[in-house]
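# return a 3D structure for these sequence lines:
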Amino acid sequence: MGHANIPNFFAEEEDSRRYLRHLEPDISFLDRLKTPAFIILAICVALFFVLFSTWAHYNLDQAPHRMFKILAGVIFLVLLFVRPEHTLLVLPFALPFSERLPVSPLPMANSKNILMAALLLAWIGHGVLRGERIMERSPWNRPLLLFFGWAVLTTIFGVFNMGDGASDIYPMLQSLWNHLMGFVLFFVTFNTVRTREQVQRLAYLYCVGAGFGALGVLSEYRGYSYGKRVGGGMGDINGAGAYFAGAIVVTLEVLAAKAKRGWHRVLLVGALIGSGVGLILPASRGAILACGFSGGLQALRGGPVRILLVAITAIGIFFAMPDHVKQRFTETQEEVASGDVEKGSSGRTEIWKATVDVIAMSPLIGVGWGQLPTAMEQTAYGDGRVAHNLYLEIWAEAGIPGLVLVLVLFGIGIREALALRREEGFARILGNAFFYYMLALVIANVFGGRLFTFYSSGALSILAALVFRMRAIIEEERLAAWQARRAQLEGDAPLPLPLHGPGSLSR
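Numbers count the residues shown, from 1 in each chain. Down below sits the predicted model:
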C-alpha cells in the first residue's frame with residue numbers, strides 16, 4: 001500500500017518518448033528515393049524511353065526541337081515527382097500560356113498532359129509509398145466526381161445520338177479530357193497543399209502568374225500591328241478576357257490586405273497592371289462587364305483602401321484602352337439604343353434561341369457532350385455554333401443533371417468563400433478574393449462558355465482547393481484546441497496530435 005502514491009516515472013518517460021517520436025522526421029521509402037543517384041538513374045531511364053519511342057514510331061523524322069521539348073518535359077516530370085508541392089508552383093505561370101505550350105510528335109505527350117502526369121504521379125505516388133490517405137474529404141469531391149461520370153456517359157450517348165457511332169468514342173473522349181482536365185487540378189491541389197504557408201504562396205503566385213500571362217497577349221497584339229483583338233497564350237479571345245477579369249479581382253483583394261513587404265507590393269502592382277492589359281486587349285465585353293460589376297461590389301463592401309484601388313484600376317484601364325476597343329463599346333451602345341439588340345449582341349440572341357430549340361429536343365439528358373453544333377444545324381438557325389452561354393450549353397449537351405451539378409459546384413464554392421470571410425488574417429482575404437472571383441466567373445459565363453478550358457477550369461479548381469484547404473486547416477486547429485482544453489479541464493492532457501501526416505486529425 002505504501003507504493004500507491006509513488007509517481008510512475010517509467011510511464012511518464014514512455015509518454016515523453018512517444019511525444020518525441022512525433023517530432024522526429026518520418027524517413028520513408030520515398031525519402032530515400034530523393035537521393036541524387038536515384039534521380040539521375042530515373043532521368044536516364046526516362047531519356048532512353050523517349051529516345052527509343054521517338055525512333056521507333058517516327059524514325060527521328062520530326063524536327064529536332066520537338067524531341068528536345070519532350071526530353072525537357074520528361075526530365076521536368078521526374079524531377080518534380082519527388083517534390084509535388086513544387087510542381088504546383090509552376091501551374092500559375094503555365095495556365096495563361098496553356099494553348100501555346102509545346103506540342104510533341106508523340107501521341108498524348110503534349111506539355112499539358114506531361115504536366116498533368118507529373119502532378120498525378122506525384123500526388124498518388126506519394127500517398128501510396130507513404131501509406132497515407134490519397135484523397136481526403138472535401139465539399140467538392142462528390143459533386144465533381146458525379147459530374148465527371150455524367151459527362152462521360154453523355155459523351156458516349158452523344159456519339160450514338162448525333163455522331164458516327166463507336167468510331168467517334170475515342171476522339172470525343174479525348175476532347176472531353178481536354179475540356180475537363182483542369183478540374184483534376186482540384187484533387188491534386190487540395191491533397192498536396194497542407195499548410196497555411198503553402199496556401200498563401202500558391203494564391204500569391206496565381207496573381208503574379210496571371211500578370212505574367214499578359215506578355216502572351218502583348219506579343220500577339222504586337223504581331224498584328226496593334227489593331228486586332230487577341231487571346232494571347234490562351235488562344236480564345238473571350239476566354240482570355242474572363243481569365244484576366246477573375247485575376248484582377250483576386251489581385252485587388254490580395255494587394256489591399258496581404259502585401260506587407262515592399263517587393264511584394266511591387267510584384268502585385270505589376271501583376272494588376274498585367275492583368276489589366278490582358279483584360280483590355282481581348283476586348284471581351286462580357287468579361288469587362290463581369291470585372292466591373294465584381295470590382296464595384298468589392299469597392300463598396302471593402303472600405304476606403306479597396307475603393308481607392310478599384311478606382312485607380314478602373315481609371316487606368318479606361319485611359320489605357322485602345323481606340324478600337326473603345327469604338328467596339330461605343331458601337332454596341334448605339335446599336336442597343338437604336339433597338340438593334342441582335343447586332344449589338346453579335347448575334348447572341350439568335351444563337352440563344354437556337355440553343356433553346358436544341359434543349360427542347362432532349363431537356364432531361366441533353367443531346368450529348370460536344371454535340372450542340374451538330375444539333376443546332378437541325379434547328380431553324382441552320383448553322384453549327386457554340387451557345388455563347390455556359391448554362392444553356394450545359395443544359396443542351398448534358399441535360400438537367402449536368403446543369404444542376406455545375407450550379408452545385410458554383411454554389412458550394414460561394415458558400416465556402418462566405419464562411420471563410422468570417423475568419424481573420426489571410427483566411428479572410430482568401431475568402432473575399434474567391435467570392436468576388438466566383439461572382440465574376442458566373443457573370444462572364446452568361447455571355448459565353450468560358451469554363452471548360454484548361455486555364456479557366458484550372459484556375460477555378462486551384463482557388464477552390466486553396467479555400468477548402470484553408471477551411472480544413474482552421475477546423476483542425478479549432479478541434480485540436482478544443483481537445484486540449486477539454487483534456488486540461490478533465491486533468492488528463494493527452495499528447496498533442498499532428499495536424500497532418502500519419503496519425504493526424506485530417507486522416
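# what's the least confident helix or strand in the protein, going by average pLDDT?
In the chain, the helix or strand scored least confidently by mean pLDDT, DSSP states H and E is helix 9-23, which has a mean of 48.
# where does the stretch 351-500 of the chain have low pLDDT?
382, 384, 491-500 (pLDDT under 70).
# same question but for the stretch 101-250 of the chain, I mixed them up
Answering for the stretch 101-250 of the chain: the residues below the bar, that is pLDDT under 70, span 101-109, 129-130, 225-227.
# would you list every one of the helices in it?
Secondary structure of the stretch 101-250 of the chain (DSSP state H, counting those that start in this stretch): helices at 111-130, 141-161, 169-192, 196-223, 237-257.
# distance from the helix or strand following the last one to the middle of the chain?
Pointing back at helix 237-257 there. Counting by DSSP states H and E, the next helix or strand C-terminal to helix 237-257 is helix 262-280. How far helix 262-280 lies from its chain's middle: 20 Å, per C-alpha atoms, centre = their mean, to the nearest Å.
# again, but for stretch 359-368
Its chain's C-alpha centre and that of stretch 359-368 lie 29 Å apart, by C-alpha atoms, centre = their mean.
# equivalent analysis for stretch 416-430, please.
19 Å.
# what lies in contact with it?
139, 196, 199-200, 203, 253-254, 257-258, 431-432, 434-435, 438, 464, 466-468, 470-471, 474 (C-beta atoms under 8 Å, 6 or more residues apart in numbering). Just so you know, the C-beta spots here come from the backbone N, C-alpha and C atoms, and that holds for glycine as well.
# 6 Å instead?
Q200, E253, A257, K258, G431, N432, F434, F435, V467, M470, R471 (C-beta atoms under 6 Å, 6 or more residues apart in numbering).
# out of the residues you listed, which is nearest to F148?
V467 (20.5 Å; C-beta to C-beta).
# re earlier: so can I have CSV of the contacts of stretch 416-430 showing neighbour count and distance to G292?
CSV is the format used below for the contacts of stretch 416-430 (neighbours: other C-beta atoms under 10 Å; distance: C-beta to C-beta, whole Å):
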residue, neighbour count, distance to G292
Q200, 20, 28
E253, 26, 16
A257, 19, 21
K258, 21, 23
G431, 22, 22
N432, 25, 18
F434, 29, 19
F435, 25, 16
V467, 27, 24
M470, 25, 28
R471, 20, 29
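# closest to F293 out of those?
Nearest member of the contacts of stretch 416-430 to F293, counting by C-beta to C-beta, is F435, at 13.0 Å.
# which residue is the nearest non-sequential neighbour of the closest one?
Counting by C-beta to C-beta, 6 or more residues apart in numbering, F435 lies nearest to A417, which is 4.0 Å off, once chain neighbours are set aside.
# the one you found: neighbouring residues, count only.
Neighbour count of A417, defined by other C-beta atoms under 10 Å: 23.
# for it, give me phi and psi.
phi -60, psi -40 (degrees, to the nearest 10).
# for whichever strand or helix holds G296, buried residues please.
According to DSSP H and E, G296 maps onto helix 285-302. Burial within helix 285-302, assessed by neighbour count using 16 or more other C-beta atoms under 10 Å, is assigned to 285-295, 297-299, 302.
# and that helix, what does it pack onto?
When contacts are defined as 3 or more C-beta pairs under 6 Å, 6 or more residues apart in numbering; DSSP states H and E, helix 285-302 sits against helix 237-257, helix 304-320, helix 426-444.
# helices or strands up against the longest one?
Applying 3+ C-beta pairs under 6 Å, 6+ apart, one finds that helix 237-257 contacts helix 196-223, helix 262-280, helix 285-302, helix 304-320, helix 426-444.
# nearest to N238, out of these?
When the helices and strands packed on helix 237-257 are ranked by proximity to N238, the top entry is helix 285-302, at 6.6 Å, counting by C-beta to C-beta.
# and the helix or strand harbouring V404, how far out from the chain middle?
Following DSSP H and E, the helix or strand that holds V404 is helix 390-420. Here helix 390-420 is found 15 Å from its chain centre; the criterion is C-alpha atoms, centre = their mean.
# that one: which residues count as buried?
Those would be 390-399, 401-406, 408-410, 412-413, 416-417, 420, for helix 390-420 by 16+ other C-beta under 10 Å.
# before we move on, what about stretch 357-369?
Applying 16+ other C-beta under 10 Å to stretch 357-369 flags D357, V358, I359, S362, I365, G366, V367, G368, W369 as buried.
# and the contacts of it?
Against stretch 357-369 from outside (C-beta under 6 Å, 6+ apart): 151, 154-155, 157-158, 161-162, 375-376, 379, 395-400.
# how about the residues you listed, which pair is most distant?
Farthest pair in the contacts of stretch 357-369, by C-beta to C-beta: A151 and T379, 23.4 Å.
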